[in-house]
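Student: Got a predicted structure plus its sequence, pasted below:
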Amino acid sequence: MKIPKELKWRATGKTLGQGGQGTVVEVTDSTQDDATPCALKALAKNRPRSAYERFVNEIEVIRQLNHPSIIQIIDHSEPDADFHYYVMELVSDARSLKKYLNSNKNPYFQNSLKSLKLFEQIVEVIKACGEIGIVHRDLSPSNILTHSEDSIKIIDFGLCQIDNSQTITLIDEGVGTQNYMAPECESGAEGKITSMSDLYSAGKLLWSAISNQNAFSREAPVFDLKSMKSIFPDLPDTWHLHHIFEKTIRVDPEDRWENADEALEVCKKVQNLITGNYQPLELIKTVCPLCGLGNPEPFSMSRMVFENNPDIQTFQCSYCGYMFSLNYRTGVETLNKRKELD
């Protein structure tokens, strides 16, 4: 890629990314001494008209979104220019989530709270986009940059959808990243694409971050063979993430949260479950819900109170003496329903 001489941007020789639609290189401002390096993304030559329209669309969208977790544009080409580009901030210590997956350097692996923080930041971006009628449509590990202090930057709005505007999709590529895009974003799907589509992707990203694996296809596995309990049988704090997955990774958008605010509210509740050392439902009968040390043992005197309801069981902790009653059938039914989700 050659940058026109009339532009003030000069390539440093470092390529940051490359694909079929364009290249991203590190540049500096030739008009400034000791200029801070930036990233220049240029559209490849001889691309179809739709590619040009999508590139211009991406520039306009990012310019509208002023959010700390969204990459910011510093300079860009005019619509009638021969060389189409935009220059964005370059976060020196940033690394895509994609590069962390399947490695021993993934900071989110087995870490519930850190992974929830990542999810929360992604949802904050979804909320900001939704407020001006934008759906990203391609939230994937390669488009999530992580950097110092667990902060993120979301990039690549080339596939985004804008309310009341024509959606631009290239014929030779899919709408989103396989296994991360919502079913309604797949080729040939007719479902309406909304912020709920991005929430689906956010759920898959949370699963990938904490499991250190690439996302699975479809939805049912997260509630069975790829559930947190199955992957991390010795880390019960991760099991609380089910409350996130059951409202994001679902086939039917109606089974997901309606908006980002609902997701953020539950995210806080799940964080409290973990920091408060609350036991997941699966362990209620095996670990004392008060002290977390003793074993709940059946309390025979409970029949004097609940003799007409055999489903209610009463326990007393062998360590602290705490007594509690529960309708065990309700808990079993809830756990069984989880395995049937899709």
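Tutor: That came through, no problem.

Student: ok, Ile162 touching Val61?
Tutor: Yes: judged on CB atoms under 8 Å, Ile162 makes contact with Val61 at a distance of 6.8 Å. Bear in mind the C-beta positions are built from the backbone N, C-alpha and C, glycine included.

Student: wait, what's in contact with Val270?
Tutor: Leu116, His240, Leu241, His243, Ile244 (CB atoms under 8 Å, 6 or more residues apart in numbering).

Student: any idea how far it lies from Glu340?
Tutor: Here Val270 is placed at a distance of 21 Å from Glu340 (CB to CB, to the nearest Å).

Student: now swap in Ala209 and tell me
Tutor: 26 Å.

Student: cool, Lys98 as well?
Tutor: To Glu340, Lys98 is 32 Å away according to CB to CB.

Student: what do you get for Phe157?
Tutor: Taken as CB to CB, the span from Phe157 to Glu340 is 36 Å.

Student: which one of these two has more residues nearby?
Tutor: Neighbour count, other CB atoms under 10 Å: between Phe157 and Glu340, Phe157 has more, with 25 against 9.

Student: Remind me which helix or strand that one belongs to.
Tutor: Using DSSP states H and E, Phe157 sits in no helix or strand.

Student: Contacts only, for it.
Tutor: Phe157 is in contact with Glu58, Val61, Ile62, Leu65, Ile134, His136, counting by CB under 8 Å, 6+ apart.

Student: Go through those and flag which are in strands.
Tutor: Using DSSP state E, the subset of the contacts of Phe157 located in strands is Ile134.

Student: how many neighbours does Gly321 have?
Tutor: 11.

Student: tell me the pLDDT at it?
Tutor: What the model reports for Gly321 is a pLDDT of 92.

Student: Also Asp163?
Tutor: 68.

Student: Start at 48, not 1
Tutor: Got it, first residue is 48 now, which makes that one Asp210.

Student: now, among the contacts of Val317, which is nearest to Lys239?
Tutor: Lys239 lies nearest to Ile291 out of the contacts of Val317, by CB to CB, at 22.7 Å.

Student: how distant is the helix or strand that closest one falls within from the center of its chain?
Tutor: Assigned by DSSP H and E, Ile291 belongs to helix 289-292. When C-alpha coordinates are averaged (CA atoms, centre = their mean, to the nearest Å), helix 289-292 and its chain have centres 12 Å apart.

Student: Over to stretch 246-255?
Tutor: The answer for stretch 246-255 is 4 Å, by CA atoms, centre = their mean.

Student: Name the residues that touch that stretch?
Tutor: Contacts for stretch 246-255 (CB under 8 Å, 6+ apart): 144, 148, 162-163, 165-166, 169-170, 173, 183, 185-188, 191, 223, 226-230, 261-262, 269, 273, 288, 291-292, 294-297, 300, 303-304, 307, 310.

Student: can we see that at 7 Å?
Tutor: 148, 162, 165-166, 169-170, 173, 186-188, 191, 226-229, 261-262, 269, 288, 291-292, 295-296, 303-304, 310 (CB atoms under 7 Å, 6 or more residues apart in numbering).

Student: can you check stretch 273-291 too?
Tutor: Residues contacting stretch 273-291 (CB under 7 Å, 6+ apart): 157, 159, 166, 250, 253, 257-258, 263, 313-314, 317, 320-321, 326-327, 329-330, 385.

Student: Next, the buried residues of the one helix or strand Val172 maps to.
Tutor: In the assignment (DSSP H and E), Val172 maps to helix 159-178. Neighbour-count burial for helix 159-178 flags 159, 162-177 (criterion: 16 or more other CB atoms under 10 Å).

Student: and that helix, what's its mean pLDDT?
Tutor: So the average pLDDT for helix 159-178 ends up being 97.

Student: by contact count, what packs against that helix?
Tutor: Helix 159-178 sits against strand 198-201, helix 242-258, helix 307-322, with contacts defined as 3 or more CB pairs under 7 Å, 6 or more residues apart in numbering; DSSP states H and E.

Student: For the contacts of Val317, work out which two are farthest apart.
Tutor: Leu163 and His290 (10.6 Å).

Student: Just the buried subset of the contacts of Val317, written out for PyMOL, thanks.
Tutor: Burial among the contacts of Val317 is assessed by 16+ other CB under 10 Å; the matching PyMOL selection reads:
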select buried, resi 163+287+288+291
